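Participant: below are the sequence and a predicted model for it; my questions follow.
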Amino acid sequence: MSLATPHDSLATTQPVLRPRAVERLVSGQATSDGAGVKLTRVLTNDLQRRLDPFLMLDAFGSDKADDYIAGFPDHPHRGFETVTYMLEGRMRHRDSAGNEGLLGNGGVQWMTAGRGVIHSELPEQEDGRMEGFQLWLNLPAKDKLCPPWYRDIPSAQIPEFERQGVTVRVIAGSSHGVAGAMQREATAPLYLDLHLAPGAQFEQVLPEGHNAFVYVYRGSLKLEGGCTVPQQRMAIFANTPGSDGVRLQAGEAPTRAILIAGRPLKEPIAQYGPFVMNTREELMQAVHDFQNGQLA
């Protein structure tokens with residue numbers, strides 16, 4: 001892990017004066033995917049328009065090999081990006097574009113499916129804990145058929161900074177003057193992994209129009225208006241006119257959470273399994289191309 005120096009002095013970081021309230025809490029749905037990997041689908045299909053440009057968030061974590069050992073054999077994607085953040089464990093990626101990489105503790109795998117890719121994600125461990133998240137980030141219509149792209153980001157390449165009892169890992173976007181490992185112009189995603197000491201507070205400035213949510217995976221958070229977010233819950237932040245960011249406070253135990261926000265695309269969403277396009281006709285073309293071996 002790398003400890004980054006903010007571009008601006010932390011002492012002069014813009015304060016959050018009008019923090020967003022919580023619109024609702026979400027508990028997610030227990031399910032399985034791939035070849036039977038057990039996980040919780042936190043951001044489900046019915047939330048896609050509300051949390052545009054984000055399409056899905058899965059949280060997985062188990063000490064039992066039977067819950068993850070079969071992994072995710074070859075499967076296709078088209079029209080969006082996948083962001084896999086591994087807290088603990090080892091997962092091997094291979095795809096039809098010729099990319100291969102090993103995702104390890106604290107690392108991120110960022111894949112742009114674009115016009116189409118077939119890939120697999122298979123554990124390289126037979127015991128121990130495997131824990132992390134996979135986020136699906138939509139692509140704008142103009143980029144849905146772009147060439148596939150892939151990047152492995154080892155833990156040491158993810159910028160970090162510390163602020164008043166909070167360690168912040170900046171996966172995407174920027175926070176308090178620290179630029180993250182990834183930037184995306186169209187959706188401007190912010191992806192932070194926050195480690196808070198008991199009672200520690202953290203503020204993050206956000207554009208008023210961006211959709212935002214936080215998911216607690218250790219401890220608990222107290223948010224604006226007295227709302228408490230317990231472990232394994234997601235809080236969706238209200239898009240309050242005039243708001244300038246979010247303010248978080250850890251409960252009585254050490255707390256870890258991911259804070260995610262982005263600029264909505266405000267485009268139609270048409271999804272059929274692993275394909276996300278803008279129209280039914282584009283989905284039919286994606287299925288046709290896959291069935292005829294025409295994905296990358």
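Facilitator: In hand now; what should we look at?
Participant: low-confidence stretches in the stretch 151-296 of the chain?
Facilitator: Along the stretch 151-296 of the chain, segments meeting pLDDT under 70 span 296.
Participant: which residues does N45 contact?
Facilitator: If you count contacts by CB atoms under 8 Å, 6 or more residues apart in numbering, N45 has them with 56, 271. (Glycine included, C-beta is placed from N, CA and C.)
Participant: nope, K64 is what I was after
Facilitator: Under the criterion of CB under 8 Å, 6+ apart, the contact list for K64 is empty.
Participant: is it true that E160 lies in a strand?
Facilitator: Yes - residue assignment for E160, taken from DSSP: H, G, I helix; E, B strand; the rest coil, places it within a strand.
Participant: quick check, it in contact with V170.
Facilitator: Yes - checked against CB atoms under 8 Å, the pair E160 and V170 is within contact range at 7.2 Å.
Participant: of the two, which one has the most company?
Facilitator: Applying other CB atoms under 10 Å to E160 and V170 shows that V170 carries more neighbours, namely 23 against 18.
Participant: doesn't that one lie inside a helix?
Facilitator: No - counting by three-state DSSP, V170 is not found in a helix; it is strand.
Participant: count the neighbours of the residue nearest to it when sequence neighbours are not counted for me.
Facilitator: If the residues on either side of it in the chain are set aside, V170 comes closest to G180, at 3.8 Å by CB to CB, 6 or more residues apart in numbering. Other residues lying near G180 total 22 when counted by other CB under 10 Å.
Participant: likewise for L39?
Facilitator: Per other CB under 10 Å, the neighbour tally for L39 reads 22.
Participant: which ones are touching the nearest residue to R256 once chain neighbours are set aside?
Facilitator: Setting aside the residues directly before and after it, R256 is nearest to R218 in space (CB to CB, 6+ apart), at 3.9 Å. R218 makes contact with 231, 253-257 under the criterion CB under 8 Å, 6+ apart.
Participant: any idea how far R218 is from S27?
Facilitator: Distance, R218 to S27, using CB to CB, to the nearest Å: 16 Å.
Participant: same check on G61?
Facilitator: 15 Å.
Participant: looking at these two, which one has more neighbours?
Facilitator: Neighbours per residue, other CB under 10 Å: of G61 and S27, the larger number sits with G61, 19 against 11.
Participant: got a pLDDT number for the more buried one?
Facilitator: Looking at G61, its pLDDT is 91.
Participant: now swap in H7 and tell me
Facilitator: 42.
Participant: how about S120, what does it touch?
Facilitator: Contacts for S120 (CB under 8 Å, 6+ apart) come out as 71-75, 92-95.
Participant: for it, name its beta-bridge partners.
Facilitator: Taking DSSP bridges, one finds R94 as the beta-bridge partners of S120.
Participant: before we move on, what about M277?
Facilitator: In this entry, M277 is beta-bridged to A270, by DSSP bridges.
Participant: for E81, same thing?
Facilitator: Per DSSP bridges, residues listed as beta-bridge partners of E81: T112, L137.
Participant: how close does it get to M284?
Facilitator: Counting by CB to CB, the gap from E81 to M284 is 22 Å.
Participant: which of these two has more neighbours?
Facilitator: Here E81 and M284 are set side by side on neighbour count (other CB under 10 Å), and the busier one is E81, at 23 against 14.
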